[in-house]
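K.L.:
when you get a sec, could you give me coordinates for this:
(one chain, ligands or ions: 2)
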Amino acid sequence: MPMPKVLVSDKLSETAVNIFRERGVDVDFEPSLGKDKEKLLSVIGQYDGLAVRSATKATAAIIEAGKNLKVIGRAGIGVDNIDIPAATAAGIVVMNTPYGNAITTAEHAIAMMFSLVRSIPQASASTHLGKWEKSAFMGTEVFGKTLGVIGCGNIGSIVADRAVGLKMRVIAFDPFLTEERAIELGVEKVDLDTLLSRADIVTLHTPLTDQTRNILSRDNLAKLKKGAYVVNCARGGLVDEDALKDLLDAGHLSGAALDVFATEPATEHPLFGHPKVIATPHLGASTSEAQENVAIQVAEQMADYLTRGAVSNALNSPSVTAEEAPRLKPYIALAEKLGLFAGQLTRTGLKQIEVTYEGEVAALNLKPLTASAVAGVLKPMLSEVNIVNAPVIARERGVTISETTCDDAESYDSIIRLKITTEQQTRTVSGTIFGGAPRIVEIKGVEMEASFAPHMLYTTNEDKPGFIGALGKTLGEAGVNIATFNLGRAGPGEGAIALVAVDDPISDEVLEKVRALPHVTQATALSF
Ligand SMILES: NC(=O)c1ccc[n+]([C@@H]2O[C@H](COP(=O)([O-])OP(=O)(O)OC[C@H]3O[C@@H](n4cnc5c(N)ncnc54)[C@H](O)[C@@H]3O)[C@@H](O)[C@H]2O)c1
Ligand SMILES: O=C(O)CC[C@@H](O)C(=O)O
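P.N.:
Ligands and ions are numbered 1, 2, ... in the order given. Take a look at the predicted model:
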């Protein structure tokens, strides 16, 4: 078998090169190629693997030209620069290194906070100019101040820990943070509005998702206390940059520290030159320690995949052996979809995930199936969760995972049952494989027969006449085309469920109209 060949197209620590070679992988180290799209397009076809940081954009075009590509490795956390759906469609495994730069990025956020409240960059620039503006830079202590952490995952929890050490009061908004984990971290779990009204300094540590985009919107920035500061070392799209400028200009906010921008590289920006803004060029992960960590990890993972087929920290691929793969594949898909179903309906701290395997499936290797179910539950909330790291993440967050088997599946060959317990409720959903495809057979104890579709509407309602017509009419009037309509109920007049597959995503406006219909108790848009 020819030696696999990897291209390193960004500035990675050269330690990675040695690791590739030691593990039997040929490597070309071209750290400036990532910025030369045309050249990258012309050479990528020669390689089995592509190792990147953030400068290389692994677009659909690069992926299409990479006819031999089997793996793309991201030395870092965010994979916004990799077209994962395109890679998945092409059968390319995408891996990242989820923990290697977390401490470094948390330290950058803390450094930005201090720089901001003491105007260190501005004072340094002024002093270098020979001015001695002692009275121009009156600062603020962080001691005793309230730090609002939005997103308390790997990085947010390290920031919280450091801030507690600085004797700050730390409050956190993160729907996935349980009370137990909050107590362990020494932070107070609060809702977003409470955080905005109480924080002296807000620091962002969420991934950029549909739920977090613009989380510091104009309205939310205006809810901050007068004189508050904003720190963003996560992703640019989390803050409305125009609104931030307006509120700084109006004197409502005292300052902002930005490491990330909506468009990067940011060489021009309305906030550049603003006296209350300090900025760094996406330096969060830029320490020798973090770069060494992520380079070593990405090289080890990619080499192990290319030479031995071992998959770790993959964002789009289950970790299974070549022999097991064909039998497990449909059940992995089913488990993930059941998890996604439950995860998209979860609004409060998750405590427990129980998976029960009944019938033939109970005899299979259940680890990847349970991991897949857990990944599905966590995916709607976490940035880079995959079936390899999902159980670890769940454990770290104090979420208990249990697995039960039973030889008999009653009327089916196999059933997977998922039970989720949150701080406020318990939810069940079960499914089977029918004609090779995943299918829902039970929700909240109500029997139902439904296929999964890319876009779905889930409603619960009191079982009263007129609901189905009203729902169909509302969707029809909104131009929403119904593909399938599945119903179930606990009994006549009792709680009922509708699962409607539609051709396009359901808008918030349509959802509001559905929620306003008589007898509707819940309406959620789901995507699979
Ligand atoms: N500046 C840099 O150089 C740099 C370096 C590393 C990571 N990052 C970025 O930092 C961010 C955090 O990374 P991480 O490793 O801590 O990720 P993580 O997945 O460990 O944590 C993200 C946290 O955000 C929470 N969250 C998700 N949706 C939320 C919402 N709507 N409201 C509030 N909280 C929500 C999740 O529950 C989770 O706890 C990511 O955007 C990552 O890309 C930036
Ligand atoms: O590689 C970098 O410098 C930034 C990485 C960071 O944004 C990440 O998401 O890991």
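
K.L.:
quick one, phi/psi of the closest residue to ligand 1 within the stretch 151-300 of the chain?
P.N.:
Nearest residue of the stretch 151-300 of the chain to ligand 1: residue 153, at 1.9 Å (CB to the nearest ligand atom). Glycine gets a C-beta too; all of them are placed from N, C-alpha and C. Main-chain dihedrals, residue 153, degrees, to the nearest 10: phi -100, psi -140.

K.L.:
would you confirm that it contacts residue 175?
P.N.:
No. In this structure, residue 153 is not within contact of residue 175 by CB atoms under 8 Å, at 11.5 Å.

K.L.:
neighbour count for these two, which is higher?
P.N.:
residue 153 (26 against 17; other CB atoms under 10 Å).

K.L.:
measure the more buried one to residue 66 for me?
P.N.:
Applying CB to CB, to the nearest Å, the value for residue 153 to residue 66 is 31 Å.

K.L.:
same check, this time on residue 276
P.N.:
In terms of CB to CB, residue 276 sits 45 Å off from residue 66.

K.L.:
ok, whichever residue of the stretch 201-350 of the chain sits closest to ligand 2 - contacts?
P.N.:
Ligand 2 sits closest to residue 285 of the stretch 201-350 of the chain, with a gap of 4.0 Å, by CB to the nearest ligand atom. Residue 285 is in contact with 76-77, 101, 104-105, 291, 294, counting by CB atoms under 8 Å, 6 or more residues apart in numbering.

K.L.:
try 7 Å
P.N.:
Shown in contact with residue 285 (CB atoms under 7 Å, 6 or more residues apart in numbering): 76, 101, 104-105.

K.L.:
residues making contact with the helix or strand of the chain with the lowest mean pLDDT?
P.N.:
Lowest on mean pLDDT, DSSP states H and E among the helices and strands of the chain sits helix 84-89, with a mean of 80. With contacts defined as CB under 7 Å, 6+ apart, helix 84-89 is touched by 60, 63, 72, 94, 315-316.

K.L.:
got it, and stretch 432-446?
P.N.:
Contacts for stretch 432-446 (CB under 7 Å, 6+ apart): 330-331, 333-334, 337, 412, 414-415, 427-431, 447-452, 488-490, 497, 499.

K.L.:
domain ranges for this structure?
P.N.:
Following automatic domain parsing, one finds the domains of the chain at 5-99+289-317, 102-279, 320-452, 455-528.

K.L.:
helices along the stretch 101-250 of the chain, start to end?
P.N.:
Ranges of helices in the stretch 101-250 of the chain, per DSSP state H, counting those that start in this stretch, are 102-117, 120-128, 154-165, 179-185, 192-198, 218-223, 241-249.

K.L.:
can you lay out those as CSV showing mean neighbour count, mean pLDDT and distance to residue 207?
P.N.:
Shown next, in CSV, are those (neighbours: other CB atoms under 10 Å; pLDDT from 0 to 100; distance: least, CB to CB, whole Å):
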stretch, mean neighbour count, mean pLDDT, distance to residue 207
helix 102-117, 22, 98, 13
helix 120-128, 14, 98, 27
helix 154-165, 22, 97, 10
helix 179-185, 16, 95, 18
helix 192-198, 17, 98, 16
helix 218-223, 16, 98, 18
helix 241-249, 18, 98, 18
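
K.L.:
that older thread, tell me which of residue 276 and residue 66 has more neighbours.
P.N.:
residue 66 (25 against 19).

K.L.:
who's in contact with that one?
P.N.:
Taking CB under 7 Å, 6+ apart as the test, what residue 66 contacts is 44-45, 47, 50.

K.L.:
which among the residues you listed end up buried?
P.N.:
Buried residues within the contacts of residue 66, counting neighbours by 16 or more other CB atoms under 10 Å: 44, 47, 50.

K.L.:
so where does the last one fall, helix or strand?
P.N.:
Remark: residue 50 resides in strand 49-52, with elements defined by DSSP states H and E.

K.L.:
tell me what the next helix or strand after that strand is packed against?
P.N.:
Of the helices and strands lying after strand 49-52 in sequence (DSSP H and E), the nearest is helix 60-65. Applying 3 or more CB pairs under 7 Å, 6 or more residues apart in numbering; DSSP states H and E, we find helix 60-65 packed against helix 37-43, helix 84-89.

K.L.:
buried sites along the last one?
P.N.:
Going back to what we said before, that points to helix 84-89. Applying 16+ other CB under 10 Å to helix 84-89 flags 84, 86-87 as buried.

K.L.:
got the CA coordinates for it in CSV?
P.N.:
Output of helix 84-89 as CSV, limited to C-alpha atoms (Å, rounded to 0.1, in the frame of the first residue of the first chain):
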residue,chain,number,x,y,z
ILE,A,84,-18.5,19.7,6.8
PRO,A,85,-21.7,18.8,4.8
ALA,A,86,-19.5,18.8,1.6
ALA,A,87,-16.8,16.7,3.3
THR,A,88,-19.4,14.3,4.7
ALA,A,89,-21.0,13.9,1.3
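
K.L.:
this protein against ligand 2: which residues are in contact?
P.N.:
53-54, 76-78, 101, 282, 284-286 (CB under 6 Å from any ligand atom).

K.L.:
what about the protein, any weak spots by pLDDT?
P.N.:
89, 318-325, 383-384, 388 (pLDDT under 70).
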